[in-house]
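**Q** Following is a predicted model, sequence given first.
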Amino acid sequence: PSHQYNVKMTCGGCSGAVTRVLTKQKEKGTVSDFSVNMDDQKVVVTTDLSADDVLAIIKKTGKETSFDKTL
Amino acid sequence: MASVVTVRVDGMTCGSCSATIEDVIGHSKGVKDIKVSWENGIAMVQYDPTQTSPAVICEDIDDMGFPAKLAP
Ligand SMILES: [Cu+2]
Ligand SMILES: [Cu+2]
């Protein structure tokens, strides 16, 4: 499934940090795909992980994050 | 007794990046004080060596999405 999140990103450093964190997961094989959209403040993650697990991973960046919906 | 370590941090683009790191790592176990400069890509961390270590601090910053390593 693909889970969508609202993530408060205010600069390229923010979106870059979220991208790096999710790239690491992709390299580990836990995430198959993701997109980070700073204009919409949305992050979509395609994964077998639970929506809560992904939320915890994104929250580690320190950005304000909330679960939006599963697409 | 506190120790001090300097960590090289990449990927910060503005003051809000450094403020986020100061806020999150500043609340990590064993961290007493942290000053981050996004201009210089440096974090100066004061920590209690009985509770944490430079390796753990680097890993925590790395988990935030900012590549971190001990400054030479
Ligand atoms: Cu930012
Ligand atoms: Cu920034």
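**A** That came in fine, so what should we check first? Numbering: from 1, shown residues only, chains lettered A, B, ... in the order given. Ligands and ions are numbered 1, 2, ... in the order given.
**Q** Would you mind giving the secondary structure of the residue nearest to the spatial centre of chain B?
**A** Nearest to the mean C-alpha position of chain B, by CA atoms, centre = their mean, lies B:Ala43 at 4.8 Å. Here B:Ala43 is strand, with the state taken from DSSP: H, G, I helix; E, B strand; the rest coil.
**Q** what sits against it?
**A** Shown in contact with B:Ala43 (CB atoms under 8 Å, 6 or more residues apart in numbering or on different chains): B:Thr6, B:Val7, B:Val9, B:Ile21, B:Ile25, B:Ile34, B:Lys35, B:Val36, B:Ser37, B:Ile61, B:Ala68. C-beta here means a position set from N, CA and C on the backbone, and glycine is covered the same way.
**Q** Quick check: bridge partners of it?
**A** B:Val7, B:Val36 (DSSP bridges).
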